[in-house]
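Q: Whatever this is, show me its structure:
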Amino acid sequence: MAKIKIAIVGVGNCAASLVQGIEHYRAIANQKAGKNKPIVENFGLMNYEMAGYVPEDIEVVAAFDIDRRKVGERLDIALAAKPNCVWSIGPLPKSKIKVEMGPILDGFSEHMAHYKADRTFLPSDKKPCNVEKILRESGAEILINYLPVGSQKATEFYAEACLKTGISLINCMPVFIVSNPAWAKRFEAKRIPCVGDDIKAQIGATVTHRTLAKLFMDRGVKIDRTYQLNTGGNTDFLNMLNRSRLESKKISKTSAVQSQLDIPLDEDNIHIGPSDYVPWQNDNKVCYLRIEGRGFGGFPVTAEMRLSVEDSPNSAGCSIDAIRACEIARDRKIGGPLISMSAYTMKHPPKQIVDYEAKELVRKFIAGTCPR
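A: Model prediction:
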């Protein structure tokens, strides 16, 4: 298969996990090929092959950031630079890609300047590049957005750049583009496939909360109240200490759970969102989840759990499928939001679908029997 050429916005932990993962699966494939053995396992992926595309078919051809420790550096060096603190999947080869300076806009929260330099962004004073020119010259087909939560203007800027250059958008953060009917119509009119918004994890707080909530409902237990509290030590959690940047994030995470309930809970009875920033956790994310309900005859039932995950590789497991779905759609001349993949991999898709149903729709999309 031809290479899937992608551009990355935001050279942080999520980008580091994605690129390391691509190289990891490339190494596994090379080992298997050398021994003339077929790959028959998923190796931590939801889908190893998708319509002929495998993880190692993905190639990064452009990258954008605003941190002075990353802008102008080779991609492999930038991915290892502070404040990145990602759990290492494996080493990266020397990259031919230089990280370009993007527009800052609202992609940086001022409160982060008051923290240690190795924990926060250090905005570059370089002049922003011509993003559209870089995208065209690089040959990128898909742009994956890893900007910080609250980057409304910056995300809209890159979405516009995609529309002007014909490049697909995978929006991994909670600014509503793909799930916004006005934006969705523009991508559909230009026959550009897109996936969004706000990436789920393979086994993360949102998908676990959704699954438990659906279990309660399917077994006839009425949910009275629930919460989900999350702590972490990466720059995502540091950025979210600025509560003014959290509106769309809370909407995204809350609607992902509410969509599983026959009757949505009153807002006083559901709380979902980040709780606090704990520096020593680094990229480890800890979720505390509680659901209170009533079963047969009104007997009380309460479920509590603690989930600990490495945040960035957890999201990369979904991003790698979203990338290949976009490429499949481009091959098939399909434009607009990819409903099945968005529902399966995103918290705030254009259409909320129960996860096991979304998985089946993705399977049909890959096989070509489900259009989007």
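Q: Report back the residue of this structure that's furthest from centre.
A: Distance from the C-alpha centroid of the chain peaks at residue 297, with 41.6 Å (Cα atoms, centre = their mean).
Q: Whichever strand or helix holds residue 286 pairs with which strands?
A: Using DSSP states H and E, residue 286 falls within strand 284-294. Partner strands for strand 284-294, per DSSP bridges, with pairing direction: strand 222-232 (antiparallel), strand 300-310 (antiparallel).
Q: re earlier: that's a helix at the residue farthest from the centre of the chain, yeah?
A: Yes. The assignment for residue 297 by DSSP: H, G, I helix; E, B strand; the rest coil puts it in a helix.
Q: Deepest-packed of the strands paired with strand 284-294, please.
A: strand 222-232 (a mean of 19; mean count of other Cβ atoms under 10 Å). All C-beta atoms are positioned from the backbone trio N, CA, C, and that covers glycine.
Q: Residues touching the helix or strand following that one, excluding its own?
A: Next in sequence after strand 222-232, counting helices and strands by DSSP H and E, comes helix 235-239. Helix 235-239 has contacts (Cβ atoms under 8 Å, 6 or more residues apart in numbering) with 12-13, 83, 109, 112, 115, 119-121, 148-150, 230-231, 245, 274, 276-278, 285, 311.
Q: Sitting in strands, which of those residues do you find?
A: Judged by DSSP state E, those include 230, 231, 274, 276, 277, 285 as members of strands.
Q: All the helices of the stretch 151-300 of the chain, in order from the start?
A: Using DSSP state H, counting those that start in this stretch, the helices of the stretch 151-300 of the chain run over 152-165, 181-189, 205-218, 235-239, 247-258.
Q: tell me the contacts of residue 189?
A: residue 335.
Q: still on that earlier bit, quick check, nearest of the ones in strands among the contacts of helix 235-239 to residue 58?
A: residue 285 (24.5 Å; Cβ to Cβ).
Q: mind checking how far the closest one is from residue 88?
A: As defined by Cβ to Cβ, to the nearest Å, residue 285 lies at a distance of 17 Å from residue 88.
Q: Among these two, which residue is more densely surrounded?
A: Taking neighbours as other Cβ atoms under 10 Å, residue 285 and residue 88 compare with residue 285 leading, 25 against 11.
Q: if I read this right, that one contacts residue 312, doesn't it?
A: No. Counting by Cβ atoms under 8 Å, residue 285 stays clear of residue 312, with 9.1 Å between them.
Q: Residue 249 against residue 197, yeah?
A: No. In this structure, residue 249 is not within contact of residue 197 by Cβ under 8 Å, at 10.6 Å.
Q: where do the contact lists of those two overlap?
A: Common neighbours of residue 249 and residue 197, using Cβ under 8 Å, 6+ apart, are residue 174.
Q: which one of these two has more residues nearby?
A: residue 197 (29 against 22).
Q: got the contact list for the more buried one?
A: Neighbouring residues of residue 197 by Cβ under 8 Å, 6+ apart: 171, 173-179, 252, 342, 346-349.
Q: try it again with 10 Å
A: Residue 197 makes contact with 145, 155, 169-180, 183, 248, 252, 337, 342, 346-350, according to Cβ atoms under 10 Å, 6 or more residues apart in numbering.
Q: okay, residue 205: pLDDT?
A: The model reports residue 205 with a pLDDT of 95.
Q: now swap in residue 109 and tell me
A: 87.
Q: ditto for residue 115
A: For residue 115, pLDDT reads 80.
Q: Show the contacting residues for it.
A: By Cβ under 10 Å, 6+ apart, residue 115 lies in contact with 83, 121, 235, 238, 241, 277, 279.
Q: circling back: in TSV, list the strands paired with strand 284-294 along with distance to residue 289 and mean pLDDT.
A: Shown next, in TSV, are the strands paired with strand 284-294 (distance: least, Cβ to Cβ, whole Å; pLDDT from 0 to 100):
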stretch	distance to residue 289	mean pLDDT
strand 222-232	5	97
strand 300-310	5	97
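Q: need the strands for the stretch 51-200 of the chain, in chain order.
A: Using DSSP state E, counting those that start in this stretch, the strands of the stretch 51-200 of the chain run over residues 58-65, 99-101, 142-145, 168-171, 193-196.
Q: got CSV for the ones you listed, with distance to residue 210, mean neighbour count and mean pLDDT too?
A: Output for those, formatted as CSV (distance: least, Cβ to Cβ, whole Å; neighbours: other Cβ atoms under 10 Å; pLDDT from 0 to 100):
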stretch, distance to residue 210, mean neighbour count, mean pLDDT
strand 58-65, 27, 24, 98
strand 99-101, 35, 24, 98
strand 142-145, 23, 26, 98
strand 168-171, 20, 28, 98
strand 193-196, 18, 32, 97
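Q: Quick check, pLDDT for residue 371.
A: Listed pLDDT for residue 371 reads 76.
Q: what about residue 135, neighbour count?
A: Look at residue 135: counted by other Cβ under 10 Å, it has 24 neighbours.
Q: wouldn't it be in contact with residue 161 here?
A: Yes. Using Cβ atoms under 10 Å, residue 135 is in contact with residue 161, at 6.3 Å.
Q: mind giving me a markdown table with the strands paired with strand 284-294 and columns for distance to residue 262?
A: A markdown table is the format used below for the strands paired with strand 284-294 (distance: least, Cβ to Cβ, whole Å):
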| stretch | distance to residue 262 |
| --- | --- |
| strand 222-232 | 9 |
| strand 300-310 | 17 |
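Q: Which of these sits closest to residue 140?
A: Comparing the strands paired with strand 284-294 by Cβ to Cβ, strand 300-310 comes nearest, at 27.5 Å.
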